[in-house]
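> Okay, predicted coordinates and the sequence, questions at the end:
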Amino acid sequence: MAEKYDLQEREVWDGNFAASQALRQAQVDVVAAYPITPSTPIVESYGSYVANGYIDGEFVMVESEHAAMSGCIGASAAGGRVSTATSSQGFALMAEVLYQASGMRLPIVLNVVNRALASPLNVRGDHADMYLGRDSGWIQFGAFNAQEAYDLALCAFKVGENHDVRLPVMVHQDGFITSHTAQNVYPLTDEAAYNFVGDFKAVDDMLDFSRPVTYGAQTEEDWHFEHKAKQHKALMDSRPVIDEVFAKFKKLTGREYKRVESYNMEDADVAIVALGTTVETAIVAAEQLRKETGIKAGVVAIRCFRPFPFDEVRNALENTKCVAVTDRSSPGGAMGAFYNEVSAALYTTEKRPLVTNFIYGLGGRDFSIDEAKRIFKEQQAHADAGHITTDIQQFSGLRGPHLGFFQTKRG
Amino acid sequence: MQDLNLLANDNRGQSQLENGSGLVGWEEVTQGSILPSFVGDATEIVHHKSEERTYSNFNSYTATVASWRVEKPVFNIDVCIDCQNCWVWCPDTSILSRDKQMLGIDYDHCKGCAVCAEVCPTNPKSLIMFSEQTALEEALASWPEKKKKEEK
């Protein structure tokens, strides 16, 4: 029986500690991990909870992140509640195995503390690792602060383990800005948190000797396509389950989450679309700008990056005039991936707002309120002109001569 | 010779892996391509002989890969000493043996690797590779004589 952990109604936790407390309260059976900055304290804390008797679980030390996710897959297939954490290079090394986890429909929860990918080596937060996982078949939640890192980790177990979903879930938080900034966090009691997540109910578990199963079958051109289509549909069909879990969480805590979050969007002419901690910066900028200039600025934030909320993004933005989509990942010779996805959604609307792309914040470069205001103003100028007056893709916060690509053919 | 009764009474090797028939759509494939080995409760199945087990259609037991083979091992019971070397070494569990009595080859799963013939210690060998088209009777009729020691 697990030891009792003393919790205050209000704790001062950083994002890493908040996530680790969610793992403790969900009574995760197995964490297989190869710790990496800035996510290290999540699995380190889990290890201490096990060692000090707060969890009846197992911390498995492995030789790489590839092995970490492999170990998680084994434990999950065996029939346990499983989680781990990683960042950046570790995430990249894990990439191959991420596809195995989702293909086998194993509801592992991976806490990803977003960090840039080398080279050049960098430990700070950007979204390169998160983007690397976007086709991996995992559900991806984005937390913008420590409280959300805690809340969404609890929701992640409940969504992923739902028998209509049975998919692995990543909970992303920005390296250092969220993971290492201590903030007020309001935890649930252990009992309330565990009751919310619920007991783990195994499916096709390998320790069920009455029904031996094969995991990791080989399928060639006659079967592979059908399996991947079924998996894609499961991901698409997880949307109402996510909404349902968020609704239950609101009932329990009063904290409301939506797959797409909108701030000041009711009457917005211009909007910034963002992920992660940039959202809170953009919200402050929009509020200040409304008071200072009367520009009707709003912010749309993606809480659920996968399955991509094509419909909700469209609903949130279709009445705007100009939208700046921000990508915190080097796009590698294309428009930003997030820009492309939001643009595709907006292309199917009646009014088709103008859409521009900002590459920003790589390697943890700060994104300031003033810069967000400048971007809002620039979008207002596009809206007034009726067409995009700058390059469509620009770099924000970059030293050196202006860098931008492609011009509009509208107007 | 093969124990034909043993092979005839079970569902070994009934389906082709590459036949293209009986393929279901995406809505019917198993979740996560996870495949149950048996139909029904398998708790006690380890105590049953293979031909008595309720192997599911997902189990490779019920499929045949005979078409992968170019040469086949032929078993000669008159020379065999039941040493079980071939049973131990076969990578495809295709040596049929009961109570340490060699019975024959599972031609539905044997891929013709010739390991069994290689490790057979008898003189002449009790397992010899023949081309796939050679009839068993013809193969057995052409079995070599025992080699004398001075011929080595």
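Perfect, thanks for sending it.
> From B:L140, how far out is B:T93?
Distance, B:T93 to B:L140, by Cβ to Cβ, to the nearest Å: 24 Å. C-beta coordinates here come from the backbone N, C-alpha and C atoms, glycine included.
> now A:K233
A:K233 sits at a distance of 56 Å from B:L140 (criterion: Cβ to Cβ).
> Of those two, give the one with the bigger neighbour count.
Ranked by neighbour count (other Cβ atoms under 10 Å in any protein chain shown), A:K233 and B:L140 place B:L140 first, with 17 against 12.
> Is it correct that that one is in contact with B:F75?
No: at 9.1 Å, B:L140 does not count as touching B:F75 under the criterion of Cβ atoms under 8 Å.
> so A:E148 is in which element?
Assigned by DSSP states H and E, A:E148 belongs to helix A:146-160.
> check contacts around the residue of chain B found nearest chain A.
Going by Cβ to the nearest Cβ, chain A is nearest to B:G32 of chain B, at 3.5 Å. Contacts for B:G32 were tallied using Cβ atoms under 8 Å, 6 or more residues apart in numbering or on different chains; they are A:G103, A:M104, A:R105, A:L106, A:R166, A:D204, A:Y215, A:Q231.
> Among those, find me the one that's closest to chain B.
A:R105 (3.5 Å).
> How much space separates that closest one from A:D311?
Distance, A:R105 to A:D311, using Cβ to Cβ: 24 Å.
> One more: A:A271?
Between A:A271 and A:D311 the distance is 17 Å, computed by Cβ to Cβ.
> likewise A:Y150?
A:Y150 is 28 Å from A:D311, by Cβ to Cβ.
> which of these two has more neighbours?
Neighbours per residue (other Cβ under 10 Å) separate A:Y150 from A:D311, with A:Y150 holding more: 28 against 13.
> Wait, the more buried one touches A:S20, no?
No: in this structure A:Y150 lies outside contact range of A:S20 using Cβ under 8 Å: 9.2 Å.
> ok, which stretches of chain B are helices?
In chain B, the segments counted as helices under DSSP state H are B:4-8, B:85-89, B:115-119, B:136-141.
> can you redo the ones you listed as a markdown table with distance to A:G71 and mean pLDDT?
What follows is those, written out as a markdown table (distance: least, Cβ to Cβ, whole Å; pLDDT from 0 to 100):
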| stretch | distance to A:G71 | mean pLDDT |
| --- | --- | --- |
| helix B:4-8 | 42 | 51 |
| helix B:85-89 | 32 | 97 |
| helix B:115-119 | 33 | 98 |
| helix B:136-141 | 49 | 95 |
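> Dump the ones you listed to JSON lines, plus distance to chain A.
What follows is those, written out as JSON lines (distance: least, Cβ to the nearest Cβ, whole Å):
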{"stretch": "helix B:4-8", "distance to chain A": "23"}
{"stretch": "helix B:85-89", "distance to chain A": "23"}
{"stretch": "helix B:115-119", "distance to chain A": "23"}
{"stretch": "helix B:136-141", "distance to chain A": "32"}
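> Can you tell me how far A:V31 is from chain B?
Applying Cβ to the nearest Cβ, to the nearest Å, the value for A:V31 to chain B is 22 Å.
> one step back: near chain B too, which of the contacts of B:G32?
A:G103, A:M104, A:R105, A:L106, A:R166, A:D204, A:Y215, A:Q231 (Cβ under 8 Å from any Cβ of the partner chain).
> and those, which of them are in helices?
Members of the ones next to chain B among the contacts of B:G32 lying in helices (criterion: DSSP H): A:G103, A:Q231.
> of all the ones next to chain B among the contacts of B:G32, which comes closest to A:S179?
A:L106 (25.1 Å; Cβ to Cβ).
> interface residues of chain B facing chain A?
For chain B, the residues in contact with chain A (Cβ under 8 Å from any Cβ) are B:18, B:20, B:23-27, B:29, B:31-38, B:41-43, B:58.
> Among those residues, the buried ones, what's the PyMOL command?
The following PyMOL line selects those of the residues of chain B next to chain A that are buried, judged by 16 or more other Cβ atoms under 10 Å in any protein chain shown:
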select buried, chain B and resi 29+32+33+34+35+36+37+38+42+58
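> Narrow the residues of chain B next to chain A to those in strands?
Among these, DSSP state E puts B:L35, B:P36 in strands.
> on that earlier part again, the next helix or strand after the helix holding A:E148 to helix A:146-160, inter-axis angle?
Once helix A:146-160 ends, the next helix or strand along the chain (criterion: DSSP H and E) is strand A:169-174. Computed by axes from the mean of the first three to the mean of the last three Cα atoms, to 10 degrees, the angle separating strand A:169-174 from helix A:146-160 equals 170 degrees.
> which regions of chain B sit below the pLDDT cut-off?
B:1-10, B:17-21, B:151-152 (pLDDT under 70).
> swap in chain A?
Using pLDDT under 70, the flagged stretches of chain A are A:1.
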